[in-house]
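1. Show me the folded form of this:
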Amino acid sequence: MSTTQSERLRDLLEPLVTSQGLDLEEIAVDSVGRKRVLRVVVDSDTGADLDQIADVSRALSAKLDETDAMGEGEYTLEVGTPGAERLLTEHRHYVRATGRLVKFQLSEGGELVARITGVDDEGLDLEVPGVKGRKATARRLAFGEIEKARVQVEFSRKDKHEEEAEEA
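-> Residues are numbered from 1 along each chain as shown. Got it, this is the predicted structure:
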């Protein structure tokens with residue numbers, strides 16, 4: 001997809017997405033066999049439910065049908081939310097990942113896996129899990145120290161209500 005088409009699609013679709021109370025995170029056009037697939041990824045601070053996804057999908061489909069932004073030929077529109085192991089690239093992504101475990105690739109080399117406990121304009125407050133029975137430690141990480149960050153899937157994490165019940 002050319003930069004021009006990508007910019008044109010973003011300019012066309014972003015106002016519709018934001019009018020639904022969502023952020024336009026990503027647009028991609030992929031060829032699948034003879035067909036093209038337009039993938040639109042949306043999100044918000046509170047997440048997006050199926051009704052919101054359906055509403056924005058209908059609005060985008062109608063807008064695309066009345067323009068030539070996708071050119072001639074068939075295409076499929078797919079609207080969804082970021083995956084469970086989303087890449088964090090914007091300040092709002094870090095805010096939304098507060099409380100989540102994240103794997104960081106550091107600018108100076110090396111990796112760090114830690115839970116985000118706070119976010120401000122300069123960087124992140126983290127809780128680094130303890131190893132071999134040691135307690136977790138706090139750490140501050142500036143945005144400039146982060147090369148790449150990706151949310152990690154946790155299968156056995158206790159939620160706050162379970163932790164509070166155990167402490168009582």
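2. pLDDT weak spots in the chain?
-> 1-4, 156-168 (pLDDT under 70).
3. From Gln152, how far out is Val102?
-> 6 Å (Cβ to Cβ, to the nearest Å). Glycine gets a C-beta too; all of them are placed from N, C-alpha and C.
4. Need the overlap of contacts for the two.
-> Val113 (Cβ atoms under 8 Å, 6 or more residues apart in numbering).
5. who's more crowded, those two?
-> Val102 (24 against 15; other Cβ atoms under 10 Å).
6. who's in contact with the more buried one?
-> 88, 113-116, 149-152.
7. doesn't Glu127 make contact with Gly118?
-> No. Counting by Cβ atoms under 8 Å, Gly118 sits too far from Glu127 to count as a contact (9.7 Å).
8. and Ala114, what is it in contact with?
-> Ala114 touches 101-102, 104, 126-129, 139, 141, counting by Cβ under 8 Å, 6+ apart.
9. Check the secondary structure at it for me.
-> Assigned by DSSP: H, G, I helix; E, B strand; the rest coil, the conformation of Ala114 is strand.
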